[in-house]
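Got a predicted model here, sequence first, then my questions.
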Amino acid sequence: MRIEAKPYEYSLDLGSAALLIIDMQRDFLEPGGFGEMLGNDVSQLRRTIEPNKALLKAWRAVGALVIHTREGHRPDLTDLPPAKKIRGRSPTTIGDPGPMGRILVRGEAGHDIISELCPAAGEPIIDKPGKGAFFATDLHAILQNRGVQQLVVTGVTTEVCVNTTVREANDRGYDCMVVSDCCGSYFPEFHEMGLKMIAAQGGIFGWVAPSAAIIEALAGINMMKGAAE
Ligand code: TIU
């Protein structure tokens, strides 16, 4: 399956591909959450919800693997590096009571994935303590066990957790395609540069494509499946 992408077309093989949705969590995206509390404009992230919903629906329809991630920590904060706790000098930091429970703590409401993209039964959820989804998680093992070599990556934020994860994946040998309108940053210029950094130098970290190009290709598969049934 050929997808129009930057820097050149991506050859998607659904049998060895996973859709990896990064950190679409209430604390980052919802008004009144941790992200907004820090003064960020959550509308920059919320514009990714509808494209993610559409891509997720199309991806599920062809029966390919979906994996979700969440950034957060153990309730006792034993996996929270002191440097991460104090960085930013904010009066409210990770583990403190926030607008939607304790901030970025597993099991709290704000740590949950937004209802629009709620994981379905059987879709692995990776709880990660860092920005990259490979650090201190079993993501690589899960991908290896499922024979995954290609990652279609969406989520927030483009320049932080999406970029970090794609760089980690690239070094582990995965071919990543980042979905431009399904990623977002609180800072539009970082989003734009974050995408450019992926596809620069002949695809130094991977490919970038809009969701419409992927959904169109997936629709073609569903049409063929429908005709065969
Ligand atoms: N998921 C993710 O990107 N975590 C962040 O902390 N992002 C920020 O942009 N702060």
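Arrived safely, thanks for sending.

Quick one, grab the pLDDT at the residue nearest to R47 when sequence neighbours are not counted.
Counting by Cβ to Cβ, 6 or more residues apart in numbering, R47 lies nearest to G184, which is 6.3 Å off, once chain neighbours are set aside. Quick note: C-beta positions are derived from backbone N, CA and C, even for glycine. The predicted local confidence for G184 comes out at a pLDDT of 98.

How many neighbouring residues does G184 have?
30 (other Cβ atoms under 10 Å).

Quick check: beta-bridge partners of it?
Under the criterion DSSP bridges, G184 forms beta bridges with V156.

And it, how close does it get to the ligand?
Taking Cβ to the nearest ligand atom, to the nearest Å as the measure, G184 and the ligand are separated by 10 Å.

can you pull the contacts of that residue?
Contact criterion Cβ atoms under 8 Å, 6 or more residues apart in numbering gives Q44, L45, R46, R47, T48, V156, T157, T158, H191 as the residues in contact with G184.

any residues touching the helix or strand of the chain with the lowest mean pLDDT, and which ones?
Sorting the helices and strands of the chain by mean pLDDT, DSSP states H and E puts helix 211-228 at the bottom, at a mean of 88. In this structure, residues lying in contact with helix 211-228 by Cβ under 8 Å, 6+ apart are 1-5, 12, 14, 51-52, 54-55, 58-59, 61-62, 152, 154, 177, 179-182.

Out of these, list just those in strands.
R2, I3, V152, T154, M177, V179, S180, D181, C182 (DSSP state E).

and of these, the nearest to H111?
Nearest to H111, judged by Cβ to Cβ, of these is T154 at 18.8 Å.

what's the neighbour count on that closest one?
When counting by other Cβ under 10 Å, one arrives at 28 neighbours for T154.

cool, and E116?
Residues lying near E116 (other Cβ under 10 Å) number 13.

which among the contacts of helix 211-228 are in contact with the ligand?
With the criterion set as Cβ under 6 Å from any ligand atom, no member of these is near the ligand.
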